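Colleague: got a predicted model here, sequence first, then my questions.
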Amino acid sequence: MGAPNLLLRRSTSGNLGAVEALAAKALDLLVSDYYPEAMWPAALSSGLPLPAAVRLVATTPARAAGLTDRGRIAPGLRADLVALRPDGTVVSTLVAGRRVS
């Protein structure tokens with residue numbers, strides 16, 4: 001489901017809300033095509049424990065896209081990481097283990 005849907009607590013098009021899907025344990029991943037800044041705040045507002053919230057925006061979307069070399073922190077994986085402040089602003093970014101910002 002779209003991260004903005006969860007962040008806004010409703011669907012902007014009248015479809016199933018992410019809050020209801022989360023409550024029904026039917027929400028596997030969050031995505032965003034028009035508002036990527038919503039990803040982390042939506043994950044944090046989900047009420048899930050931090051590891052489960054990270055799975056919503058990293059692990060499961062990577063797996064769904066067939067990107068088996070990323071989406072979690074483990075030896076031998078790609079090491080695409082973003083360090084965020086609690087408000088979701090980016091502190092630094094690593095791509096394939098190299099700092100790019």
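Modeller: Noted; the coordinates are in hand. If you're wondering where the values come from, they're calculated on a predicted model, not measured in any experiment.

Colleague: okay, CA-based contacts and neighbour counts for the rest of this
Modeller: Will do.

Colleague: show me the helices in this protein, by range?
Modeller: Listed in chain order, the helices of the chain (DSSP state H) span 3-8, 18-23, 39-45, 50-54, 60-64.

Colleague: report the mean confidence score over the longest one.
Modeller: Right, helix 39-45. Averaged across helix 39-45, pLDDT comes to 88.

Colleague: and what of stretch 58-74?
Modeller: Averaging pLDDT along stretch 58-74 gives 93.

Colleague: that stretch: how far from the chain's middle?
Modeller: Taking CA atoms, centre = their mean, to the nearest Å, one finds stretch 58-74 lying 11 Å from the centre of the chain it belongs to.

Colleague: now the end-to-end length of it.
Modeller: End-to-end distance of stretch 58-74 (CA to CA, to the nearest Å): 13 Å.

Colleague: likewise for stretch 76-95?
Modeller: Stretch 76-95 has an end-to-end distance of 14 Å (criterion: CA to CA).

Colleague: in stretch 73-83, which residues are buried?
Modeller: Across stretch 73-83, burial judged by 16 or more other CA atoms under 10 Å covers R78, A79, D80, L81.

Colleague: whoops, stretch 49-57 was the one
Modeller: For stretch 49-57, a neighbour-count test (16+ other CA under 10 Å) marks A52, A53, V54, R55, L56, V57 as buried.

Colleague: how near is the fourth one to S13?
Modeller: Okay, so that is R55. R55 is 25 Å from S13, by CA to CA.

Colleague: just to revisit the earlier point, would you mind finding the most buried of the helices of the chain?
Modeller: Of the helices of the chain, the one with the most neighbours on average (mean count of other CA atoms under 10 Å) is helix 3-8, at a mean of 22.

Colleague: give me the beta-bridge partners of V82?
Modeller: Residues in a beta bridge with V82, per DSSP bridges, are T93.

Colleague: that one and A96 touch, don't they?
Modeller: No - contact criterion CA atoms under 8 Å: V82 and A96 do not qualify, at 11.3 Å.
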